[in-house]
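**Student:** take this sequence and fold it.
(one chain, ligands or ions: 2)
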Amino acid sequence: MIQQIYPQVIHPYQYELNKDMHLSAAHYIPHEDAGKCRELHGHTYFINVTIAGDDLDKSGFLVNFKQLKNLVHGKFDHTVLNDHLEVFPKDGPDSFPTTEVVARKIYEIIQNDLDQLPHKPKCLQVFVRETPTSYVVYRPKQVKKND
Ligand SMILES: Nc1nc2c(c(=O)[nH]1)N=C([C@H](O)[C@H](O)COP(=O)(O)OP(=O)(O)OP(=O)(O)O)CN2
Ligand SMILES: [Zn+2]
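**Tutor:** Numbering: from 1, shown residues only. Ligands and ions are numbered 1, 2, ... in the order given. This is a model prediction of the structure:
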């Protein structure tokens with residue numbers, strides 16, 4: 001069981017769901033400022049995603065917990081993050097799988113999937129812990145209730 005206190009998001013929705021995941025992945029940050037992190041190394045990432053909405057699907061789910069796990073753990077577990085060029089392209093601001101970029105990419109992957117659902121749940125927060133002493137929280141700038 002993952003035991004971690006997460007920051008709370010204030011929101012207007014009636015349902016809020018949280019899914020914890022952990023995954024093993026390797027990465028490297030090929031930038032001169034990254035020091036020892038320029039070399040390939042691995043982490044056990046601890047991830048929490050927060051989903052909210054007012055409506056449930058026909059199963060009574062806001063979104064199936066398994067679906068969230070498949071989207072993130074299913075894609076990245078036991079992989080080298082830098083190898084996912086569709087997520088972290090060779091050039092540009094998204095090319096380095098820093099904790100910040102990983103958190104935002106997980107948000108984008110999840111929200112793109114949620115946008116296909118008729119009841120339109122929203123991803124409000126992605127928490128990514130990379131080491132015992134380092135984590136990032138990503139939240140989209142604004143989530144409008146009727147988006
Ligand atoms: N803002 C960021 N800074 C750093 C990132 C990052 O993604 N965003 N990443 C790294 C390294 O990849 C490294 O894996 C993590 O660094 P750090 O927390 O410094 O790791 P330590 O285990 O050495 O931390 P201690 O608290 O000193 O034990 C670096 N910076
Ligand atoms: Zn690292």
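**Student:** okay, now the unreliable bits of this protein?
**Tutor:** 1-3, 143-147 (pLDDT under 70).
**Student:** OK, contacts around Val9?
**Tutor:** By Cβ atoms under 8 Å, 6 or more residues apart in numbering, the contact set of Val9 is 16, 50, 52, 124-125, 139. Where you see a C-beta, it was placed from the backbone N, CA and C, and this is true even at glycine.
**Student:** just the buried ones from those residues, in ChimeraX syntax?
**Tutor:** Those of those that count as buried under 16 or more other Cβ atoms under 10 Å are selected in ChimeraX with:
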select :16,50,52,124,125,139
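**Student:** out of the contacts of Val9, which is nearest to ligand 1?
**Tutor:** Arg139 (16.5 Å; Cβ to the nearest ligand atom).
**Student:** how near is that closest one to Tyr13?
**Tutor:** Going from Arg139 to Tyr13 by Cβ to Cβ, to the nearest Å gives 14 Å.
**Student:** near ligand 1, from the contacts of Val9?
**Tutor:** Applying Cβ under 6 Å from any ligand atom, the subset of those adjacent to ligand 1 is empty.
**Student:** present the contacts of Val9 as JSON lines; the columns should include secondary structure.
**Tutor:** Converted to JSON lines, the contacts of Val9 look like this (DSSP: H, G, I helix; E, B strand; the rest coil):
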{"residue": "Glu16", "secondary structure": "strand"}
{"residue": "Thr50", "secondary structure": "strand"}
{"residue": "Ala52", "secondary structure": "strand"}
{"residue": "Leu124", "secondary structure": "strand"}
{"residue": "Gln125", "secondary structure": "strand"}
{"residue": "Arg139", "secondary structure": "coil"}
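**Student:** redo the contacts of Val9 as CSV? Include distance to His31.
**Tutor:** Converted to CSV, the contacts of Val9 look like this (distance: Cβ to Cβ, whole Å):
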residue, distance to His31
Glu16, 36
Thr50, 30
Ala52, 35
Leu124, 30
Gln125, 27
Arg139, 25
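**Student:** now do the phi/psi pair for Leu17.
**Tutor:** With angles defined as degrees, to the nearest 10, Leu17 sits at phi -120, psi 140.
**Student:** the one 3 residues further on now?
**Tutor:** Here is the backbone geometry of Asp20 (degrees, to the nearest 10): phi -90, psi 140.
**Student:** apart from its neighbours in sequence, what residue is nearest Phe46?
**Tutor:** Arg129 (4.1 Å; Cβ to Cβ, 6 or more residues apart in numbering).
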